[in-house]
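Novice: just need the structure, nothing else, for what follows:
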Amino acid sequence: MPIINRVADLHDEITAWRHDIHENPELLFEVHRTAAVVADKLQAFGCDEVVTGIGRTGVVGVIKGRKPGAGKTIGLRADMDALPITEETNAPYASKTPGLMHACGHDGHTAMLLGAAKYLAETRNFAGTAVVIFQPAEEGGGGADVMLKDGLIARFGIEEVYGLHNMPGIGLGQFAIRPGPLMAASDVFEVTIDGRGGHAARPHACIDPVVTISHIVTALQTIASRNADPLDSVVVSVTAIEAGKASNVIPSTALFRGTVRTLKEETRHFAAQRFKEIVSGIAETFNCTAAIDYRFGYPVTSNHARETDYAISVAREIVGETNVDTATMPLMGAEDFAYMLNARPGAYIFLGNGDSAGVHNPAYDFNDAVIPFGVSYLARLVEKAA
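Specialist: Numbers count the residues shown, from 1 in each chain. Next up, the predicted model:
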């Protein structure tokens, strides 16, 4: 079954919603305007229940089908937050807030889920219940986890949960998915190395934390190249080093920070252990001390097998078998929908944004031509649930 006719009719209206959200980006949990717009529309659509303030600024709408006791309760999630990036698209609907923009397409995700909610509330051509979840703070705030801790699953009786994300580089009207790990766990570290400062012309009288960090950064790459199985994905990236300001002074203290990405839980814990061993060992070798702050962030986004098969079947009905990649390669980026997949079975899918700038890029923009595909997919997940 291709794009839903009613969804095609709604395309211009949904696009207008998207442009409005794009013009008014908000960060993390401070998505007050966006959440209010979402709640107002859900009320206007005639949802059976609209709840605000779940996970601080999250919004949930409940739409009951014609036989709500006879079918599943399906959760559909969209993220609402933007990024601290200055927009360079020159679009007529470009961000009106300096320094903020929707550079990841969450404006499109929110608009598409609103479109699906409007269609489902109009038609009610399904058994069971649809729970539409509008989540704050995906970009680093763990909003999914906060919503879960606020009782999202139990309060609304969610049995399965599904999400999607636009993906530049995948063709318009194409989907990509895989069972199991789809996106990486994201952990962060900050390490302070303490030595003994002094004159740069008398290094023998100092304990140089800069030299120590230089050795540590190089050695950390052996976690992937010499400690992990070559077929197991590990990324260790040192992204910032801070030390001293003068050219003739060896500082007493230096620090570095970065991220570790993994696709398996056991590898995640092994990498953390090995990281601490390498940092502590090299620091001791150079007579320095190391204060290590290593924090686990988003877990692995891992799709459940049965629900992935179901998502594939729905996507294929909309765009055809050849336009659904069922074995896409995992990405080492992270996604807090992982928390929801740890709480309930479900699946996360990529929806092609065409040949656009990449996400988190000031030139990125969500492709409005994607809207009918995404809305039809979300709606059919509910309508076809058995």
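Novice: next one: stretch 20-34 to chain centre, how far?
Specialist: Chain-centre distance of stretch 20-34: 16 Å, with Cα atoms, centre = their mean, to the nearest Å.
Novice: for it, which positions count as buried?
Specialist: By neighbour count on 16 or more other Cβ atoms under 10 Å, the buried set for stretch 20-34 is 21-31, 34. Using the backbone N, CA and C atoms, a C-beta is placed for each residue, glycine as well.
Novice: dump it to PDB, restricted to CA.
Specialist: Taking C-alpha atoms only, stretch 20-34 is exported to PDB below (Å, rounded to 0.1, in the frame of the first residue of the first chain):
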ATOM      1  CA  ASP A  20       6.800  27.200  12.200                       C
ATOM      2  CA  ILE A  21       8.700  24.900  14.500                       C
ATOM      3  CA  HIS A  22      11.900  25.400  12.500                       C
ATOM      4  CA  GLU A  23      11.600  29.200  12.900                       C
ATOM      5  CA  ASN A  24      11.400  28.800  16.600                       C
ATOM      6  CA  PRO A  25      14.100  26.400  17.800                       C
ATOM      7  CA  GLU A  26      14.500  25.500  21.500                       C
ATOM      8  CA  LEU A  27      17.100  23.600  23.400                       C
ATOM      9  CA  LEU A  28      17.000  20.500  25.600                       C
ATOM     10  CA  PHE A  29      14.200  20.700  28.100                       C
ATOM     11  CA  GLU A  30      13.400  24.300  27.400                       C
ATOM     12  CA  VAL A  31      11.000  23.400  24.500                       C
ATOM     13  CA  HIS A  32       8.100  25.300  26.100                       C
ATOM     14  CA  ARG A  33       6.800  26.900  22.900                       C
ATOM     15  CA  THR A  34       7.100  23.700  20.800                       C
END
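Novice: dihedrals phi and psi, Met101?
Specialist: In terms of degrees, to the nearest 10, the main-chain angles of Met101 are phi -160, psi 160.
Novice: which residue packs closest to it, ignoring adjacent ones?
Specialist: Closest residue in space to Met101, ignoring its immediate chain neighbours: Glu87 at 3.8 Å, by Cβ to Cβ, 6 or more residues apart in numbering.
Novice: from what I can see that neighbour touches Lys96, true?
Specialist: No: assessed by Cβ atoms under 8 Å, Glu87 is found out of contact with Lys96, at 9.7 Å.
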